[in-house]
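Student: Sequence isn't available, so here's the structure alone:
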């Protein structure tokens, strides 16, 4: 609709609203007309129209959309109390609509009423049946609990949701949220096990099951867990992978072994048969790591339609890195502005070190949107260091001090508040390299349970010194074989303390 036709379109829709009965998709005319009024900057008129529709439309005729659309407009107009009251009314009239609960809790969360939002979602979980988007409430409530540092409550809630939600009702998302929550709290191996459980529950090649495989394998890559990664790729009757995920696993295994050329070749062959965004992304990244910039650029161009210029998008960071290698600083600046979702500040320079800094400090914008999650290992060809560097999703500042000399400090001038270096995490697992790189060790405590009181003192003392501790009382997954747990814990930690 052209600008000079909006009034005419609004008038036509208003005529339709007068003629069409409420049980004949009348709701669509109300929110279509409201959208046009908004485009024409007639916000109050749009609110009034939606409120009229709320009075006329029956609950089973898309009434919920009118409620949350009107509430959103009221909130944008700073009428928060009115918006909340309207959503309360909507929940009373349509008690089994998850969208109303989400809209209501979002308003409460914006108002820092987290506890009230959690209570409301818990009420909704009791009211809404599993076939009515109940998983959305579980997921949203778990995220709010985590935001409020109530991690154990979030985990228990997700466990209940997993037992209740059927596979065809987005059960996958609960597994992803559960895995992400564990990974962000230094329980990466347990996160992998949870995702593998999801692979065995959700039917093969259905309901976006592949997302569980993607995340599990990326966690293995960050955890330097070659054994578990190979087990996932090999699969079995219950959790075999889809063919494109098997190829992705082979790519990640090659990356884990430091063979970036082989990783790029495997990915290139796989993307000729399968269209998978993560496969294409890993192909481009692998070519970049081999310093074949033209090949990396060609792959990025092939996914340009998926290159959404959204904050924190790993593809934007990757494109910026390729452009910096090509010395196309104008494009780099465009990518950085899109990645940061703001103009560059005076102390932020368009160079290689700033891109490394962004990788080193990236955080979750939402599930899967994290540079270090998608590319946990940087080889020497990207960093210029003597060893490759690996960063787990929950870590920040794992790069060594690459800013020692004055020239590098001038190239990357970051706010002092953000430039606090933490102990680095390098790729090697042996203690000799720990001493060289000042890496904080990860310690596994193996013990007799009669010594639990003493072990708890040791565990707490180690953690007070900033040391990561793995212990069965916290990290052993229910139903997991104890011998397999010990084997993996010894392999994936730097030091084992044993009471024997």
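Tutor: Now that the structure is in, tell me what you want to look at. All values reported here derive from a predicted model rather than from experimental measurement.
Student: Pull up the gap between the closest residue to residue 34 other than its chain neighbours and residue 31, please.
Tutor: Counting by C-beta to C-beta, 6 or more residues apart in numbering, residue 34 lies nearest to residue 46, which is 4.3 Å off, once chain neighbours are set aside. For every residue, glycine as well, the C-beta is placed using N, CA and C. Here the criterion is C-beta to C-beta, to the nearest Å. By it, residue 46 lies 9 Å from residue 31.
Student: and those two? which has more neighbours close in?
Tutor: Comparing residue 46 with residue 31 by neighbour count (other C-beta atoms under 10 Å), the higher total belongs to residue 46, at 25 against 18.
Student: does that one really touch residue 38, like I thought?
Tutor: Yes: using C-beta atoms under 8 Å, residue 46 and residue 38 qualify as a contacting pair, with a distance of 5.1 Å.
Student: where do the contact lists of those two overlap?
Tutor: Between them, residue 46 and residue 38 have residue 73 as joint contacts when contacts are counted by C-beta atoms under 8 Å, 6 or more residues apart in numbering.
Student: Quick check on residue 468: phi, psi?
Tutor: Residue 468 has phi and psi values of phi -80, psi 130 when expressed as degrees, to the nearest 10.
Student: so it touches residue 187, yeah?
Tutor: No: Residue 468 sits out of contact with residue 187 when judged by C-beta under 8 Å, with a separation of 10.3 Å.
Student: about what we covered before: list the contacts for the residue nearest to residue 34?
Tutor: Shown here is residue 46, whose contacts under the criterion C-beta under 8 Å, 6+ apart are 34-35, 37-38, 73.
Student: and it, how far is that from residue 6?
Tutor: Distance from residue 46 to residue 6, counting by C-beta to C-beta: 12 Å.
Student: In terms of neighbours, single out the busier of residue 468 and residue 187.
Tutor: Counting neighbours by other C-beta under 10 Å for residue 468 and for residue 187 shows that residue 187 has the greater number, 21 against 17.
Student: From residue 371, how far off is that one?
Tutor: According to C-beta to C-beta, residue 187 stands 21 Å off from residue 371.
Student: now swap in residue 202 and tell me
Tutor: Applying C-beta to C-beta, one obtains 28 Å for the distance of residue 202 from residue 371.
Student: quick one: low-confidence ranges for the stretch 1-150 of the chain?
Tutor: Low-confidence segments of the stretch 1-150 of the chain, defined by pLDDT under 70: 1-4.
Student: so residue 369 sits in a helix?
Tutor: No: counting by DSSP: H, G, I helix; E, B strand; the rest coil, residue 369 is not part of a helix but coil.
Student: ok, residue 270 touching residue 279?
Tutor: Yes: because the distance of 5.6 Å satisfies C-beta under 8 Å, residue 270 is recorded as touching residue 279.
Student: what sits in contact with each of those two?
Tutor: Both residue 270 and residue 279 are in contact with 244, 247-248, 251, where contact means C-beta under 8 Å, 6+ apart.
Student: Return the member of the residues you listed nearest to residue 394.
Tutor: residue 248 (22.7 Å; C-beta to C-beta).
Student: Show me what the helix or strand harbouring the closest one is in contact with.
Tutor: Taking DSSP states H and E as the criterion, the element that holds residue 248 is helix 243-256. Counting by C-beta under 8 Å, 6+ apart, helix 243-256 makes contact with 210, 213-214, 217-218, 220-221, 224, 226, 229-230, 232-233, 235, 241, 260, 262-263, 266-267, 269-270, 273-274, 276, 278-279, 282-283, 286, 377, all of which sit outside it.
Student: Can you say which of those residues are buried?
Tutor: Burial by neighbour count, judged by 16 or more other C-beta atoms under 10 Å, picks out 210, 213-214, 217-218, 220-221, 224, 229, 232-233, 235, 241, 260, 262-263, 266-267, 270, 274, 276, 278-279, 282-283, 286, 377 from the contacts of helix 243-256.
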